[in-house]
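> return a 3D structure for these sequence lines:
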Amino acid sequence: MSWGFLRDILSGVNKYSTGIGRIWLAIVFIFRLLVYVVAAEHVWKDEQKEFECNIRQPGCENVCFDHFFPISQIRLWALQLIMVSTPSLLVVLHVAYRESREKRLKKKLYKTPGSMDGGLLCTYLISLIFKTGFEIGFLVLFYTLYGGFNVPRLVKCDMRPCPNTVDCYISKPTEKKVFLYFVVVTSSLCIVLNVCELSYLIFKYTIKCCLERYEKKIQTMKSECQKLKYVPAETASTALLHSNASPELVNMPDKPESNLPTDLREG
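This is a model prediction of the structure:
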C-alpha cells in the first residue's frame, strides 16, 4: 500500500496548524505511520497461515481464525490511520477555496488565505472533533472485537465444523501484543492532544472576542468625549443647569417680584 497521499495531506495541513497540532502531526508521522510501514505490517504479514489448530479437520482453522479475528488487526489499524487523517483534508480544501475565490474575484479578501479566523477556524475545530471521535471510536471497536487489548497465546475453539473443542495457537503473540499496546498508547496521546488543541483554540477565540468588545466600548466612550468638547459653552451651561436644578427652580418665572403682594410692589 502506498501512503504518499496521506503524507501529502498531513504535510499540507501542517502550515495551518497550531503548535499542539504540529506535535500531533509528528506523532502520526513518526510513531504511527512509519512504525506501521516499517515494522507492524511485517508482523501481521502471514497471520492466517501461521494460525494453527491441533486438528486437521477441513475448514476448522479458517472458521476459528474468523471467529477470533473478524477483522485483521493490522488492516483495522490502517483504516484507523486513514480515517483519523482524513478530517485534516477539510482544512486544506477550505484554504484552497479561499485562494480560488480571491483569484476569481481578483481582489484581496483575506489577510492570508490560511489565517486561522472566521470560517477557517470553524472548519479546523470541526476537523479536531472528527479526529477525536474517530480515535475514540476505533479504540472502542478494538476492545469490542478482540475482547480487550490483549493477544493470547492459546485460544479454544468449538465452532463448527470442528468436531470438538480444539486448541489454536496464535503466531508471535508477544510481539503483536506490544504493537497493540503501542497503538492504544499513541491513540490515547493523540486524543489528549486533540482535546488540548480544541480547548486552546476555543479559549483563545473567547479571549479575542472579549478584548474586541472592550476595545469597541473604549472607542465609543472616547468618541462621546470628543463630541462633548465641541458643544458651545452656553448650550453646555444650560444643559448643566437643567440637569442639576430642581423642577421647582427650573419652572420659576423670570420676574420673581410679580409674585409679591400689590402694596409691596408699589412701595
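
> avg pLDDT for the helix ranked longest in the chain?
Determined from DSSP state H, the single longest helix within the chain is helix 173-229. Computed over helix 173-229, the mean pLDDT rounds to 82.

> what do you get for stretch 118-127?
For stretch 118-127, mean pLDDT is 83.

> please export the C-alpha coordinates of it as CSV.
The C-alpha trace of stretch 118-127 is given here as CSV (Å, rounded to 0.1, in the frame of the first residue of the first chain):
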residue,chain,number,x,y,z
GLY,A,118,-13.8,33.1,10.8
GLY,A,119,-14.9,30.1,8.7
LEU,A,120,-11.4,28.5,8.6
LEU,A,121,-11.4,28.4,12.4
CYS,A,122,-14.8,26.7,12.4
THR,A,123,-13.5,24.2,9.9
TYR,A,124,-10.4,23.5,11.9
LEU,A,125,-12.5,22.9,15.1
ILE,A,126,-14.8,20.6,13.2
SER,A,127,-11.8,18.6,12.0
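
> next, the buried residues of it.
Residues of stretch 118-127 classed as buried: Leu120, Leu121, Thr123, Tyr124, Leu125, Ser127 (neighbour count, 16 or more other CB atoms under 10 Å). C-beta here means a position set from N, CA and C on the backbone, and glycine is covered the same way.

> which of the residues you listed fall in strands?
Judged by DSSP state E, strands contain none of the buried residues of stretch 118-127.

> identify the residue nearest Asp167 in space, chain neighbours excluded?
Asn54 (5.0 Å; CB to CB, 6 or more residues apart in numbering).

> the one you found against Cys162, yeah?
No. With contacts defined as CB atoms under 8 Å, Asn54 does not count as touching Cys162, sitting 10.5 Å away.

> looking at these two, which is more packed in?
Cys162 (18 against 9; other CB atoms under 10 Å).

> before we move on, back to that, run the chain-centre distance for the longest helix of the chain.
9 Å (CA atoms, centre = their mean, to the nearest Å).

> tell me which of the buried residues of stretch 118-127 is nearest to Lys45?
The closest of these to Lys45 turns out to be Ser127 (CB to CB; 33.0 Å).

> what's the spacing between the residue nearest in space to the middle of the chain and Leu120?
Central residue of the chain (CA atoms, centre = their mean): Leu128, 2.4 Å from the mean position. Relative to Leu120, Leu128 is positioned 13 Å away (CB to CB, to the nearest Å).
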